[in-house]
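Q: Any chance you could fold what I've pasted below:
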Amino acid sequence: MSLSTKMLDGGWGWAIVAASFMAQLLSYGSPQSVGVLYPEWLHTYQESKGMTAWVGSLVAGVGLIASPVCSICVDNFGARPVTIFSGLMVAGGLMLSAFAPNVQFLIFSYGIVVGLGCGLVYAATLTITCQYFDKRRGLALGIVTTGTSVGAFIYATAQNELIVLFGLDGCLLITGAIALNLMACAGFMRPLHMPGYYLKQKAALERNAEDQFFMRPPLDDLKITTGSTTPETSLTCKELLITIDNKDLSIQTKNKTGPLAGLAIMKAIKKKQKAYSKYMNLIFEILQDQTMVAFCIAIFMFSLGAFPPFLFIEDVAQSEGLIEEVSIIPLVSIGAIATCIGKLALGILVDIKWINSIYLYTSTMFVGGAILLLIPLTTSYVGLQILTAILGLCSGNWSLTSYITTQIVGLHRLTQAHGILMFFGGFGIMLGPPVVGWFFDWTQSYDLAFYFSGTCVLLGAFILTFLSLPCWQEKKSENEKLDVQYTSDCEKVASVA
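A: Okay, the predicted model is just below:
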């Protein structure tokens with residue numbers, strides 16, 4: 001395979017964008033609109049709302065918590081095989097859910113299996129898009145990531161109609177069959193770089209070459225196509241290190257038997273342990289930053305309080321007697337399209353130099369917390385629609401996380417810090433719906449649950465605002481202050497979704 005650099009930021013890259021957009025739409029469509037399925041599960045299985053809420057919380061949170069593992073899979077096997085496998089997981093989980101005898105089985109089939117599949121799709125689509133785009137990476141990723149919101153908008157209405165026509169089981173079977181198209185999307189994801197697993201296999205085949213002792217592998221033997229102007233080019237730094245690392249281990253153990261071979265293996269293990277220790281020290285240093293810790297708390301509190309309404313909002317309308325059944329355009333669809341608009345609008349605002357990104361984020365939290373406190377006081381369905389739309393706009397603040405993380409810890413620590421944030425966000429998403437469900441089971445009303453959710457969001461906003469005040473920053477030395485660059489660095493910020 002030979003691709004030239006002129007194909008970056010265009011050409012086949014736009015086919016990658018279209019395939020990745022459809023992949024996210026097909027995988028996240030049903031999980032993001034799970035609020036339509038929630039009342040049906042309550043009626044079918046007659047379980048408590050707290051127990052049933054675990055289904056929606058896991059399908060949204062598992063993918064975020066497992067994002068490091070998903071990234072490792074993409075790095076080792078490539079975007080295409082991972083997307084094919086995730087297509088089988090998402091489709092299989094949805095179809096298995098149609099035959100679920102109880103909520104516990106549904107938690108496994110829909111919550112865990114579908115959730116992990118979505119996490120794999122998310123990592124694969126972002127990785128392959130970043131490989132094909134450089135100057136237009138932000139635009140490409142913006143198009144790809146809106147697939148989740150568009151999918152939620154479409155699937156909310158579609159699943160509602162499928163339930164009316166074919167019942168809950170038929171809806172899940174049809175949705176699962178549609179998800180199989182993920183494997184067709186994977187066919188477009190032609191890799192630019194050889195994945196790590198294939199490099200290790202290549203290194204294993206070269207271990208028997210006697211002229212490789214204590215030497216770097218000849219570049220002529222390791223040539224692969226990586227998108228240069230010439231037909232072939234040498235391996236990237238990461239790929240060369242993987243190959244040499246495998247060769248070094250074989251060289252150290254070759255012609256050594258007994259204790260000598262064991263010592264060589266132990267030396268290699270200690271080398272790996274040293275690298276992992278360095279990584280953990282970096283994580284510890286990141287968490288020593290006061291603003292970073294406050295941001296993690298804010299992400300957790302916002303996820304804990306703001307995610308449950310999108311799961312329970314349809315049941316709230318029916319429980320309060322505002323509507324007898326889900327409308328043609330469900331509240332979940334309104335929230336999804338508002339979130340999509342919010343992502344784009346906040347992304348534009350944060351690029352204005354005189355706007356502080358942290359204060360912009362806390363503003364959305366304050367507004368979102370106030371909306372959550374107003375939901376129990378709403379007495380009309382139109383009012384609930386308006387509040388859902390405003391809350392959806394505020395939920396678009398997820399698009400600011402990478403930008404704010406860069407301001408706090410710098411570009412060189414962006415990947416590790418963003419992973420920490422996603423863990424806190426996923427943990428909050430997993431806990432939020434069950435907690436709200438337990439409040440309803442306890443009080444037989446959603447009022448106290450939404451007061452709790454709103455208080456959590458407002459508390460998180462206050463903590464982040466207070467701990468990020470300029471007076472705290474003045475105590476740091478000038479050398480510790482981090483500047484944000486507005487050229488190619490912004491494209492690197494956009495490369496982390």
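
Q: Tell me how many other residues surround Gly347.
A: When neighbours are defined as other C-beta atoms under 10 Å, Gly347 has 16 of them. C-beta coordinates here come from the backbone N, C-alpha and C atoms, glycine included.

Q: Tell me who's in contact with it.
A: Gly347 is in contact with Gly142, Ser399, Leu400, counting by C-beta atoms under 8 Å, 6 or more residues apart in numbering.

Q: Work out for me the element Phe450 sits within.
A: Using DSSP states H and E, Phe450 maps to helix 447-467.

Q: what ranges do the helices span in the stretch 1-150 of the chain?
A: Using DSSP state H, counting those that start in this stretch, the helices of the stretch 1-150 of the chain run over 12-32, 34-45, 49-65, 67-77, 79-98, 103-106, 115-132, 137-179.

Q: Those helices into a markdown table, with extra columns for distance to Thr406, mean neighbour count and mean pLDDT?
A: Putting the helices of the stretch 1-150 of the chain into a markdown table (distance: least, C-beta to C-beta, whole Å; neighbours: other C-beta atoms under 10 Å; pLDDT from 0 to 100) gives the following:
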| stretch | distance to Thr406 | mean neighbour count | mean pLDDT |
| --- | --- | --- | --- |
| helix 12-32 | 23 | 24 | 89 |
| helix 34-45 | 32 | 21 | 86 |
| helix 49-65 | 19 | 25 | 85 |
| helix 67-77 | 18 | 18 | 76 |
| helix 79-98 | 25 | 23 | 92 |
| helix 103-106 | 39 | 18 | 92 |
| helix 115-132 | 16 | 26 | 84 |
| helix 137-179 | 13 | 20 | 86 |
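
Q: Looking at the ones you listed, which is nearest to Leu331?
A: For those, the distance to Leu331 is smallest for helix 34-45, at 7.4 Å, taking C-beta to C-beta.

Q: how much does that closest one deviate in direction from helix 12-32?
A: Helix 34-45 runs at 40 degrees relative to helix 12-32, counting by axes from the mean of the first three to the mean of the last three C-alpha atoms, to 10 degrees.

Q: packing partners for helix 34-45?
A: The contact analysis (3 or more C-beta pairs under 8 Å, 6 or more residues apart in numbering; DSSP states H and E) places helix 34-45 against helix 49-65, helix 103-106, helix 137-179, helix 308-319, helix 331-350.

Q: mind checking which of those helices is nearest Ala370?
A: Closest among these, using C-beta to C-beta: helix 308-319, at 13.1 Å.

Q: Now do that closest one against helix 447-467, angle only.
A: Orientation check (the same axes, to 10 degrees): helix 308-319 against helix 447-467 gives 160 degrees.

Q: by contact count, what packs against helix 308-319?
A: For helix 308-319, the elements it packs on are helix 34-45, helix 49-65, helix 331-350, helix 381-395, helix 414-443, helix 447-467, judged by 3+ C-beta pairs under 8 Å, 6+ apart.

Q: Centre-most residue in the protein?
A: Taking C-alpha atoms, centre = their mean, the centroid of the chain lies closest to Leu64, which sits 5.0 Å from it.

Q: what sits against that residue?
A: Gly119, Met422, Phe423, Gly425, Gly426, Ile429.

Q: residues in contact with the first one?
A: Under the criterion of C-beta under 8 Å, 6+ apart, the contact partners of Gly119 comprise Val62, Gly63, Leu64, Ala66, Ser67, Cys70.

Q: list the contacts for Val55?
A: Neighbouring residues of Val55 by C-beta under 8 Å, 6+ apart: Val34, Tyr38, Trp41, Val103, Leu106, Ile107, Tyr110, Gly111.

Q: No further questions, thank you.
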